[in-house]
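Undergrad: Fold the following, please.
(one chain, ligands or ions: 2)
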Amino acid sequence: MENIKCKNLNHANVAIIGFCMKQNCQNETKYCLECLNTTHYEHLMIDLILNEFKQVYNQLDQELKQISKKIENILEQILKKWIRKLEYRKI
Ligand SMILES: [Zn+2]
Ligand SMILES: [Zn+2]
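TA: Ligands and ions are numbered 1, 2, ... in the order given. Got it, this is the predicted structure:
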């Protein structure tokens, strides 16, 4: 049962609650609650911020696609209107 306890001697007997997902993390990747609040705190924050950023980005990307479709439709309608007007003048 050694590996479910934190390897940091100051946190002896504190249970491991997760793994650090940061690439090239210099610390022990398995962390306890104490480590999470100290050594890996920023790493976890970076992860959370990146995740949130990705979500917002995806949402924006979808909205932009919808908007560009709407603009395309409007432009098409305007174009059709003008084509009709021009054809009418020819007659
Ligand atoms: Zn710890
Ligand atoms: Zn870390």
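
Undergrad: Looks to me like residue 22 is in a helix.
TA: No: counting by DSSP: H, G, I helix; E, B strand; the rest coil, residue 22 is not found in a helix; it is coil.

Undergrad: Please look at it and residue 48 and confirm they touch.
TA: No: the pair residue 22 and residue 48 does not pass the contact test of CB atoms under 8 Å, sitting 11.5 Å apart. Heads up, the C-betas are built off the backbone N, CA and C, glycines and all.

Undergrad: ok, these two, which is more surrounded?
TA: residue 22 (15 against 10; other CB atoms under 10 Å).

Undergrad: Please give me every residue in contact with that one.
TA: 40, 43, 46-47 (CB atoms under 8 Å, 6 or more residues apart in numbering).

Undergrad: what does the chain have sitting close to ligand 1?
TA: Within the chain, the positions near ligand 1 by CB under 5 Å from the ion are 6, 8, 11, 32, 34-35.

Undergrad: Now, of those, which are buried?
TA: Among the residues of the chain next to ligand 1, those buried by neighbour count (16 or more other CB atoms under 10 Å) are 6, 8, 11, 32, 35.

Undergrad: quick one, phi psi at residue 21?
TA: Main-chain torsions, residue 21, degrees, to the nearest 10: phi -100, psi 0.

Undergrad: Check whether the longest helix along the chain comes near ligand 2.
TA: Counting by DSSP state H, the longest helix found in the chain is helix 41-90. Yes: using CB under 5 Å from the ion, helix 41-90 comes into contact with ligand 2 via residue 43.
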